[in-house]
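> Requesting a structural model of the entry that follows:
(chains A and B)
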Amino acid sequence: MDLKASDRFNINSQLEHLQAKYVGTGHADLSRFEWAVNIQRDSYASYIGHYPVLAYFAISENESIGRERYNFMQKMLLPCGLPPEREED
Amino acid sequence: MYLYSLTLQRAGGVVCATNGNFVGGKTQEIVVARGKTLDLLRPDDAGKLQTLLSVEVFGAIRSLSQFRLTGSQKDYVVVGSDSGRLVILEYSRERNLFHKVHQETFGKSGCRRIVPGQFLAVDPKGRAVMVTACEKQKLVYVLNRDAAARLTISSPLEAHKSHTITYSVVGVDCGFDNPVFAAIELDYSEADLDPTGQAAAEAQKHLTFYELDLGLNHVSRKWSEPVDNGANLLVIVPGGGDGPSGVLVCAENFVIYKNQGHPDVRAVIPRRADLPAERGVLVVSAATHRQKSMFFFLLQTEYGDIFKVTLEHEGDRVAELKIKYFDTIPVTCSMCVLKTGFLFAASEFGNHALYQFQAIGEAEDVEASSATLMETEEGFQPVFFQPRGLKNLVRIDQIESLMPIMDMRVMNLFEEETPQVFTLCGRGPRSSLRILRPGLAINEMAVSQLPGTPSAVWTVKKNVNDEFDAYIVVSFVNATLVLSIGETIEEVSDSGFLDTTPSLSVSLLGDDSLMQVHPNGIRHIREDGRINEWKTPGKKTIVKVGSNRLQVVIALSGGELIYFEMDMTGQLMEVEKHEMPGDVACLDIAPVPEGRQRSRFLAVGSYDNTIRILSLDPDDCMQILSVQSVSSPPESLLLLEVQASTGGEDGADHPASVFLNAGLQNGVLFRTVVDMVTGQLSDTRSRFLGLRAPKLFSATVRGRQAMLCLSSRPWLGYIHQGHFLLTPLSYETLEYAASFSSDQCAEGVVAVAGEALRIFTIERLGETFNETVVPLRYTPRKFVLQPKRKHLVIIESDQGAFTAEEREAARKECLEAAGMGENGNAMENGGGDEEEKEDALSDEQYGYPKAESDKWVSCIRILDPRTGNTTCLLELQENEAAFSLCTVNFHDKEYGTLLAVGTAKGLQFWPKRSLAAGFIHIYRFVEEGKSLELLHKTQVEGVPLALCQFQGRLLAGIGSVLRLYDLGKRRLLRKCENKLFPNSIVSIHTYRDRIYVGDIQESFHYCKYRRDENQLYIFADDSVPRWLTASHHIDFDTMAGADKFGNVYFVRLSQDVSDEIEEDPTGGKIKWEQGKLNGAPNKVEEIVQFHVGDVVTCLQKASLIPGGGECVIYGTVMGSLGALLPFASREDVDFFSHLEMHMRQEHPPLCGRDHMAFRSAYFPVKVTFQDSYSLLVHF
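Presented below is the predicted three-dimensional model:
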């Protein structure tokens, strides 16, 4: 992302840039829902990445590891259910 | 406390595997990632999988791929791991290791959401590689070669798309056009913002093609089209003249052929007839077979069924897609079709297998096709099939895997020299109890009784060029027996050996003559039958002999040594005499080095606790070169030439070094290096082998010199993957042994013990444990030892399965339908405990039929570990499943030892954890502990996940409640409880009046029971949230635990707090003391922290060697066993911390993960040193 000269020292724009780059980074105005969604997605990604953890879940749910991985990926779509109604401000 | 971490058994489970031609040449190899280790396997000519190399990488390997530059003869391995780096490896045959060709850093380390490494896709022509994260990030590296034909890699090109989840990535085969990568993607940005849920419902997965423009050096999204929302896996379809190109999209229930500018071709995946309607069919692994003229795909579903997928195509137009049932094998995480006609199936749990193709599914079978696809109002019409026996594949080898270890205990139940490790392994119908004994497995080929008690045995060839041995010579107290080896082994008398005297040594001399040394002389039998006898002077007798093919040294009683050499004419000539100060205890000469006249060194052991090295050179014959004093008189000596690794840094061969091994009378094996030039001894090591003085014998293992040491049990010293290993054999005590080679057995051992002659071979070299397997019925959860009768009580339970009766009924029905029910060939469906049955539908191969997810099956089993017989098997009824058990002796000793089992009825995890009821069953042991009788069951409000005996009562952890029960007539009686635990209690340990409670999320809580007040107090807890998976009580103040993320840690209550608690007579302080933030008033301190990198499921304090120090043994989900040994001295701590520090600098881990960062993945590593890391170096 190219920053204009005037924006370069604008801390907000830098933060925004970082937010966009590092998905899941929090910010001051983060809602409870967004925070939870990020945590959940990070967790699912971690489960998928750590094979022994995936196997551990697979044993407890008596599913195949492939199915378990697929389920976790599917859950990344709406990990915390539907988002709350946006309050008009 | 300082600990040394050591891997006892490497992980058996496989994360991913890829096949290719990594060594170069015509052979096919398989690279297998086992979590933290990378293995290179190759099927040998006999169809056995051999491990060529196994490297610990100190990181989590997540994906593997193989590629080849065009025109090259050799494949490279690309590794995606948690290191935030892309690593390309090349196998170096000369040095037998993986060489890191490139290591490209692209992001943070760890398995994160947006850090690539989860998926790898390689262009089939080896021009580019794409590495992808779960979300957003995709990086493409261009691969090329430079002028010197070395592999080059470009800087990464980005193909990111934010708010997008990636399911699978492959490189599309499009010949030599620009490389294209295909990905299944799902955009969630809309769904995150839409509170009505409409966007989420409409979220659509897309198949996206990314094109790498090699000219512009730029990646663009070329094409994107909606795809079935159940899509989870992509498979490349051959292209560029060999096929239509494009991809197969595997989705739930469907396989779809897709390509740019081509209509979808869709076919349903056939379903098992007994599958519940709620369940889909998902493809979990895929393999492609390609030949010049044809190709097909093998897709395996989550139930284990393999389907063969073929495409009818003309040019690049696909007319029809056919899915035909192929065979059923245990569910795999990865399949590799080798060009040599093998299928390597890496099972997700349990043993892996190598299959050979017998057919390629040309025969008639259930088939679904895109042409016959029927769409009705309820969706596409399914096709049903019934699994059957293997038709196209035949299993030829299997690799053992303990994955997953569910519970483990180290006990010496069989009263052997070393304790056995009892592990509960596997899942569902493939579960088993495996009894591991340290040592190599042996295969006994023959045992024959001899007339009398033999004292020694030798094997001898008739000619140096013979491949096999000609005679076995057995010596008794007053006679010698000669057996000739042929089709059978029989006694002969025409061998020329003197049979009226005992023998001291029998060997081949020169090229083709034999020598027998007996107490009164040397008998030299020439090839033409002439016999030369050398008699001892006077009344002296020969006591010890050392010889090789050209040199003989004898020791006479009194200490005189006489040295003979063979001259040019084949005569044995006396060369030199030497008077030793006292009697000779043992002596040995090394074999004649290749191209030399003689071996230079003679080793002589004396009863004055010394070993001397004497020269045999003509210049300084019988001069003493060096002296080594030892702790006890030597019993046996062996000079062993060891050529450990095949090549050095520069690829040149390492010179072999000569080791002097001595078995001392106190049972110690003493090993020291002999300088090849001066004969000086240096670098001595000693090891206690057993209660008897070790006798050493030379043997051959894989064509290399090895050493057999016979102490109170036999040991084998041999070279494995460049390391010299000394491993016990799992066999009885042997007296004397010799290597044995015949037509039937190339590398065997013949040994005498008692009155028998035994011939055996040594199997599965390189393994630490050999295992005895007892099959079980369902996934084992826990087990306890019935203390009196030494029986094991095992609880097993499975979710979503039918009970034994239901399964049997279903099976009968299905067999009757198939018209083979009348055969009556013992089709009982008793699970694994019946004898090995080879019927057409063994559960082990096909898995249990799936039931609805709220159904549970479970059983309690009593097993006699000595025989492996199940003496009692109680199947729980009505959806009850057992989760915990313990033996308990209640106050009133009416019943003696009882068994408490915690069960849950109708447990469901999804959508919310719920259950109908929990119970604690109390059983009584009847029939001498062989059987169980239910006394009563008590309903409780949650799942009792932990039970423990405490002061003649029963402690139960039921959800967040810790409760103390006493035994009543009809039920258990509540005595006392504490409800202040945070989540759910998963473990309880007790010691005196302290109770150590482990919570599922919140680590340990230390409690105290005050009998006078009848109250339970929590007086200390941990400050770190730990998701406990295993725990073990170490001492009064210390607990060891392991969490779900793969950490092992020890916590300790500080001494002053502990004293304070114990000295508080009224208990008022504990009672009224308030903790902060709802915690306990005191906190335990973490004293050890170590990231294992694998979920540890069981921990135990044990000593594996008799008399050895205690260590903590752990078992993991991936099937590895490890030990944490406390250091005894500060010096060792210093040494190992420095060694580790230097290793980190000089030898960074292979996959680019920083060693320290890996061991500190979740918490900073604390006072634990690594391990096999130091073993990595070729010393």
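> Around chain B, pick out the residues from chain A.
Within chain A, the positions near chain B by CB under 8 Å from any CB of the partner chain are A:20, A:22-24, A:37, A:41-42, A:44-46, A:48-53, A:55-56, A:58-67, A:70, A:73, A:76-78, A:82-86. The way it works is simple: take the backbone N, C-alpha and C, and place the C-beta from them, glycine included.
> which among these end up buried?
Among the residues of chain A next to chain B, the ones that count as buried by 16 or more other CB atoms under 10 Å in any protein chain shown are A:23-24, A:37, A:41-42, A:44-46, A:48-53, A:55-56, A:58-59, A:61-67, A:70, A:73, A:76-78, A:82-83.
> pLDDT on the helix or strand harbouring residue B:640, on average?
Assigned by DSSP states H and E, residue B:640 falls within strand B:634-642. Summarised as a single mean, pLDDT over strand B:634-642 is 89.
> what sits up against that strand?
B:546, B:585-591, B:593, B:599, B:601, B:603-606, B:609, B:611, B:656-665, B:670, B:674, B:693-698, B:705, B:707, B:717, B:719, B:724 (CB atoms under 8 Å, 6 or more residues apart in numbering or on different chains).
> and residue B:202, how many neighbours?
Residue crowding around residue B:202 was assessed by other CB atoms under 10 Å in any protein chain shown; the count is 10.
> Nearest spatial neighbour of it, chain-adjacent residues omitted?
residue B:190 (7.9 Å; CB to CB, 6 or more residues apart in numbering or on different chains).
> name the element that neighbour belongs to?
Counting by DSSP H and E, the element that carries residue B:190 is helix B:189-193.
> Dump that helix to PDB, restricted to CA.
What follows is helix B:189-193 as a C-alpha-only set of coordinates in PDB (Å, rounded to 0.1, in the frame of the first residue of the first chain):
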ATOM      1  CA  SER B 189     -16.500 -10.900   4.300                       C
ATOM      2  CA  GLU B 190     -20.200 -10.500   3.500                       C
ATOM      3  CA  ALA B 191     -21.300 -13.100   6.100                       C
ATOM      4  CA  ASP B 192     -19.400 -11.300   8.800                       C
ATOM      5  CA  LEU B 193     -21.300  -8.100   8.300                       C
END
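> Give me the packing partners of the longest helix seen in chain B, helices and strands only.
Using DSSP state H to define each element, chain B has its longest helix at helix B:1130-1146. With contacts taken as 3 or more CB pairs under 8 Å, 6 or more residues apart in numbering or on different chains; DSSP states H and E, helix B:1130-1146 sits against helix B:1155-1159, strand B:1168-1170.
> what do you get if the cut-off is 6 Å, keeping everything else the same?
Counting contacts by 3 or more CB pairs under 6 Å, 6 or more residues apart in numbering or on different chains; DSSP states H and E, helix B:1130-1146 packs against strand B:1168-1170.
> And the residue most central in space within chain A, how far from residue B:85?
Closest residue to the average C-alpha location of chain A: residue A:38 at 3.2 Å, with CA atoms, centre = their mean. Counting by CB to CB, to the nearest Å, the separation of residue A:38 from residue B:85 is 25 Å.
> The stretch 701-850 of chain B against chain A: which residues are in contact?
B:798-800 (CB under 6 Å from any CB of the partner chain).
> low-scoring stretches of the chain, by residue?
This is for chain A. A:1-9, A:87-89 (pLDDT under 70).
> was after chain B, sorry
If you take pLDDT under 70 as the line, chain B has these spans: B:643-655, B:817-841, B:1065-1072, B:1167-1179.
> Quickly list the domain ranges of it.
B:59-226, B:455-647+B:654-705 (the TED database).
> Run a quick neighbour tally on residue B:452.
For residue B:452, the count of nearby residues is 13 (other CB under 10 Å).
> Over to residue B:309?
26.
> Contacts only, for it.
B:297, B:299, B:323 (CB atoms under 6 Å, 6 or more residues apart in numbering or on different chains).
> List the strands paired with the helix or strand containing residue B:963, with their directions.
Using DSSP H and E, the element containing residue B:963 is strand B:961-967. Its sheet considered, strand B:961-967 pairs with strand B:953-958 (antiparallel), strand B:972-978 (antiparallel) by DSSP bridges.
> Which helix in chain A has the most residues?
Assignment by DSSP H gives helix A:32-49 as the longest helix of chain A.
> Tell me what angle the helix or strand that it is followed by forms with helix A:32-49.
Toward the C-terminus, helix A:32-49 is succeeded by helix A:51-61 as the next helix or strand (DSSP H and E). Interaxial angle of helix A:51-61 relative to helix A:32-49 (axes from the mean of the first three to the mean of the last three CA atoms, to 10 degrees): 100 degrees.
> For helix A:51-61, which outside residues touch it?
Contacts for helix A:51-61 (CB under 6 Å, 6+ apart): A:47, A:65, A:68-69, B:15, B:35, B:404, B:427, B:1094-1095, B:1117-1118.
> Now find how far off-centre the longest helix of chain B is within its chain.
The chain centroid and the centroid of helix B:1130-1146 are separated by 27 Å under CA atoms, centre = their mean, to the nearest Å.
> tell me which residues in it are buried?
For helix B:1130-1146, by 16+ other CB under 10 Å, it's B:1133, B:1136, B:1140, B:1143-1144.
> Closest to chain A out of these?
residue B:1144 (23.0 Å; CB to the nearest CB).
> Residue nearest the middle of chain B, spatially speaking?
residue B:12 (3.4 Å).
> mind checking the SS state of it?
coil (DSSP: H, G, I helix; E, B strand; the rest coil).
> Not including adjacent chain positions, what is the nearest residue to the residue of the stretch 601-750 of chain B found nearest chain A?
Closest residue of the stretch 601-750 of chain B to chain A, CB to the nearest CB: residue B:721 (24.3 Å). Nearest non-adjacent residue to residue B:721, counting by CB to CB, 6+ apart: residue B:53, 6.4 Å away.
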